[in-house]
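In: give me coordinates for this.
(one chain, ligands or ions: 4)
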Amino acid sequence: HAKAMGRGRAEHFTEILAAEIADRARLESDLREAVDKDQFTLVYQPQVSAGDGRIVAAEALLRWRHPDGLKMPGTFIQRAEETGLIVEIGEWVVESVAETISRWGRLGIQQRLAVNISPRQLDHASFFRKLREAMLAANAPAHLLELEITETLAMHCSSEVLEAIALLRHDGATIAIDDFGTGYSNIARLRKLPIDRIKLDRSLIEHVANSAEARTIAQALIGLIHGLNCEAVAEGIESEDQATVLRVIGCDILQGYAVATPMEEDAFLEWARGIEPQRIAG
Ligand code: C2E
Ligand code: MG
Ligand code: MG
Ligand code: MG
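Out: Ligands and ions are numbered 1, 2, ... in the order given. Modelled structure (predicted):
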């Protein structure tokens with residue numbers, strides 16, 4: 001009996017495995033189609049100055065209009081990286097961001113737009129060339145572009161990539177370290193990196209309003225970030241209490257649902273216009 005049960009489990013396991021493999025294959029072919037059928041879109045999340053609440057930037061975040069419904073990056077980015085499809089997707093993202101910067105410029109909106117870059121994209125020598133071409137083609141000024149690279153990626157990228165980043169920065173683009181606090185940073189290396197902003201990961205923000213320890217850690221990290229001559233950005237702020245604490249401990253820029261959720265372009269522009277009076281009132 002026990003043997004039979006064991007076999008049953010093994011068969012069950014094989015079934016699960018087969019289903020998983022089929023899912024992955026399906027996702028991959030769907031992703032390929034998505035690139036061809038133009039199913040990707042960007043949403044925009046504001047970043048505001050901690051001091052006066054003015055909008056200082058937005059982060060572009062990828063969404064997939066899958067025939068079965070809207071898909072979040074968490075459900076497909078990893079697969080896109082594994083299959084290398086992220087390179088094509090990333091090219092689409094970068095071109096779209098360049099066009100958005102240009103479109104907003106014509107509307108009189110002069111704020112930074114940040115874009116997320118995956119490790120696999122930076123493996124391709126053509127990435128920076130294509131990025132530059134996209135910005136030139138759209139007539140988008142480089143100083144309105146910010147690249148977000150994760151802490152882990154920043155710790156491991158090659159000297160060629162660092163040189164390309166330095167060139168881009170020379171053009172006026174800025175660099176932000178994303179998800180800071182989730183990887184292992186070598187502070188000496190961090191000091192040598194050509195970076196402008198460091199984004200404290202949501203996991204570091206989560207407890208700042210109810211834990212003295214969490215608040216002390218966040219404050220120390222903000223001190224470190226300022227010591228590196230960078231601006232501190234807090235991501236994933238979900239409550240007004242968290243925002244208040246972050247203002248008090250010297251964080252420069254706030255981003256999170258408590259400020260605004262990521263929005264489609266029209267809603268984003270309306271939101272940005274809506275905070276205009278506040279801007280005038282100071
Ligand atoms: P990320 O760059 O760290 O982006 C922040 C994520 O947190 C976004 O999730 C955003 O919607 C979410 N978020 C913002 N405020 C809050 C908050 O107050 N609470 C919570 N719980 N979440 C908040 P999203 O859009 O699902 O993106 C997830 C990740 O996917 C991003 O993390 C980024 O690593 C990656 N990603 C997004 N768009 C792109 C892209 O165009 N290219 C690449 N390569 N990666 C992307
Ligand atoms: Mg990001
Ligand atoms: Mg992040
Ligand atoms: Mg992330």
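
In: make it CA atoms for all contacts and neighbour counts henceforth
Out: Fine.

In: can you get me a residue count around residue 11?
Out: Neighbourhood size, residue 11 [other CA atoms under 10 Å]: 12.

In: quick check: the gap between it and residue 231.
Out: The gap separating residue 11 from residue 231 is 55 Å, by CA to CA, to the nearest Å.

In: around ligand 1, pick out the residues from the chain.
Out: 61-62, 72-74, 90, 93, 116-118, 179, 236-238, 256-257, 262 (CA under 6 Å from any ligand atom).

In: in strands, which of the residues you listed appear?
Out: Among those, DSSP state E puts 61-62, 116, 179 in strands.

In: so can I have a markdown table of those showing neighbour count and pLDDT?
Out: A markdown table is the format used below for those (neighbours: other CA atoms under 10 Å; pLDDT from 0 to 100):
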| residue | neighbour count | pLDDT |
| --- | --- | --- |
| 61 | 19 | 98 |
| 62 | 20 | 98 |
| 116 | 19 | 97 |
| 179 | 21 | 95 |
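
In: most widely separated two among those?
Out: Spanning the widest gap among those are 62 and 179, at 16.6 Å by CA to CA.

In: burial measure for residue 67, as a count.
Out: Neighbour tally, residue 67, other CA under 10 Å: 10.

In: how close does the residue nearest to residue 89 when sequence neighbours are not counted get to residue 76?
Out: Distance criterion CA to CA, 6 or more residues apart in numbering; nearest residue to residue 89, sequence neighbours excluded, is residue 35 at 6.6 Å. Distance, residue 35 to residue 76, by CA to CA: 13 Å.

In: tell me what the residue nearest to the spatial centre of the chain is bridged to.
Out: In the chain, the residue lying closest to the centroid (CA atoms, centre = their mean) is residue 116, at 4.1 Å. With DSSP bridges as the criterion, residue 116 is bridged to residue 148.

In: residues in contact with it?
Out: 60-61, 147-149 (CA atoms under 8 Å, 6 or more residues apart in numbering).

In: neighbour-wise, give me the winner out of those.
Out: residue 60 (25 neighbours).
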